[in-house]
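Asker: Pasted the sequence and its predicted model underneath.
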Amino acid sequence: MNAIETMDLTKKFGNLMAVDSVNIQVERGEIFGLLGPNGAGKSTIISMLCTILKPTSGTALVNGYDIVRQASLVRKSIGIVFQDPSVDDRLTGRENLEMHADLYGVPKSEMRSQIDKMLELVELSDRCNEFVRNYSSGMRRRLEIARGLVHTPKVLFLDEPTIGLDPQSREHIWSYIRELLKIEDITIILTTHYMEEADKLCKRVAIVDHGSIVAMDKPDSLKEKLGVETITVKTQNNNLYVEKIKETHIAKSVAIAGDEVKITLLNAHTILPLVVDIASRNGIKIESIYLQEPQLDDVFLHYTGKALREGSKELSGMGAIIRRQIK
């Protein structure tokens, strides 16, 4: 049985189609990435899976429970780390975890050992009795991850877990996420705008745009399907080299960028010898050459047609959706 399965999951806000008949299957024990521009619908999808929003039509199963008919059972079996900070900075780290564990009904006999286990996982054992207002942003995110895990959920939703963190803190969060899969029987749903993060962590990703899934597969498979690669060459006569490359019609595009020639083509790794041979046959000396394979950023841009949509009128993030419902 899958950890999550959606069946034509749909959500409308008035005339706005936020999520349009989405079908996703997430295997147990995998990290599944949900990617998309701002306002694409990914946070709305997660909010329905977490029972924060009710679907307009369709439904989904989370841990085998229907999100409409068995919402309370869904909520008991999931953990959520919101994009916006949500720990109480007037409490200590341990007090935050105790409050959350109590709300989720963790037995008193197990509470202390479970909290100690989570604090050790996120390396906050030595700071757990300090007020959260004295924590750095990275420490707060680690505490929020611990809080989302303290009741041993079967599915953990991470909404932009490393946003605003420095590279070192982000790397630490990645390490904790990887460690989770080793020690816990858990499935992780990750939303992120960091393509490198999704590429490193996720077994599979789905790219959402305009409320629909436009691509879904393993990151490497998506990059392979894109096919386009770039060969960057520096020669002693770039203008002549560009002319000779164009004559062969092997490239999708070729242009001079600074003091280098950028050649974009399909399956460049198989054509690399020909690119070198063209220079040799025309007496053009190559000073440097390297091949750049497609990145997940390239896949994202290919399917969405643009980088992140800044200034979207749509509220983004699960916390923002909660605020919208309250209003």
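Answerer: Everything's here; your move.

Asker: Quick check: which element contains the nearest residue in space to Val122 that is not next to it in sequence?
Answerer: Once flanking residues are discounted, Val122 sits nearest to Arg142: 3.9 Å by CB to CB, 6 or more residues apart in numbering. Every residue, glycine included, has its C-beta placed from N, CA and C. Arg142 is located in helix 137-149, with elements delineated by DSSP states H and E.

Asker: Extract the CA atoms of that helix and return them as CSV.
Answerer: C-alpha atoms of helix 137-149 as CSV (Å, rounded to 0.1, in the frame of the first residue of the first chain):
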residue,chain,number,x,y,z
SER,A,137,17.3,30.4,12.8
GLY,A,138,19.0,27.1,12.0
MET,A,139,18.4,25.8,15.6
ARG,A,140,14.7,26.8,15.4
ARG,A,141,14.3,24.8,12.2
ARG,A,142,15.9,21.8,13.8
LEU,A,143,13.6,22.1,16.7
GLU,A,144,10.6,22.3,14.4
ILE,A,145,11.7,19.1,12.7
ALA,A,146,12.0,17.4,16.1
ARG,A,147,8.6,18.7,17.1
GLY,A,148,7.1,17.3,13.9
LEU,A,149,8.6,13.9,14.7
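
Asker: Look up how far Ser212 lies from the nearest residue to Lys11 once chain neighbours are set aside.
Answerer: If the residues on either side of it in the chain are set aside, Lys11 comes closest to Val19, at 4.2 Å by CB to CB, 6+ apart. Per CB to CB, to the nearest Å, Val19 is found 8 Å from Ser212.

Asker: next one: Asn134
Answerer: With CB to CB as the criterion, Asn134 and Ser212 are 44 Å apart.

Asker: So Val275 versus His269, what's the distance?
Answerer: 11 Å.

Asker: Note down every partner strand of the helix or strand where the residue nearest to Lys11 lies and its orientation.
Answerer: Secondary structure from DSSP H and E places Val19 in strand 16-22. With DSSP bridges as the test, strand 16-22 is paired with strand 4-13 (antiparallel).

Asker: contacting residues around the strand it pairs with?
Answerer: Residues lying outside strand 4-13 but in contact with it, judged by CB atoms under 8 Å, 6 or more residues apart in numbering, are 17-26, 32, 41, 44-45, 48-49, 53, 55-62, 155, 187, 189, 211.

Asker: Separate out the buried members of these.
Answerer: Taking 16 or more other CB atoms under 10 Å as the criterion, what is buried in the contacts of strand 4-13 is 17-20, 22, 24, 26, 32, 41, 44-45, 48-49, 53, 55, 58-62, 155, 187, 189, 211.

Asker: Show me which residues of the helix holding Arg142 are buried.
Answerer: Buried, per 16+ other CB under 10 Å, within helix 137-149: Gly138, Met139, Arg140, Arg141, Arg142, Leu143, Glu144, Ile145, Ala146, Arg147, Gly148, Leu149.

Asker: which residues in this structure form helices?
Answerer: 42-49, 71-76, 93-103, 108-121, 137-149, 167-183, 195-201, 219-226, 238-248, 268-281, 296-304, 318-326 (DSSP state H).

Asker: ranking those helices by burial, who's on top?
Answerer: helix 42-49 (a mean of 27; mean count of other CB atoms under 10 Å).

Asker: tell me the average confidence for stretch 182-200?
Answerer: Stretch 182-200 comes out with an average pLDDT of 91.

Asker: how distant is it from the center of its chain?
Answerer: Mean C-alpha position of stretch 182-200 versus that of the full chain (CA atoms, centre = their mean, to the nearest Å) differs by 6 Å.

Asker: go on, stretch 139-149?
Answerer: That offset, for stretch 139-149, works out to 18 Å (CA atoms, centre = their mean).

Asker: and what of stretch 141-158?
Answerer: Per CA atoms, centre = their mean, the centroid offset for stretch 141-158 relative to its chain is 16 Å.

Asker: Over to that stretch now: how far is its first residue from its last?
Answerer: End-to-end distance of stretch 141-158 (CA to CA, to the nearest Å): 11 Å.

Asker: Now do the same contact list for the closest residue to Tyr104 other than its chain neighbours.
Answerer: Of all residues not flanking Tyr104 in the chain, His151 sits nearest, at 3.7 Å (CB to CB, 6+ apart). Counting by CB under 8 Å, 6+ apart, His151 touches Gly79, His100, Ala101, Tyr104, Gly105, Val106.

Asker: separation between the fifth one and Ile245?
Answerer: This means Gly105. In this structure, Gly105 and Ile245 are 67 Å apart, going by CB to CB.

Asker: Please apply the same query to the fourth one.
Answerer: When distance is defined by CB to CB, Tyr104 is 62 Å away from Ile245.
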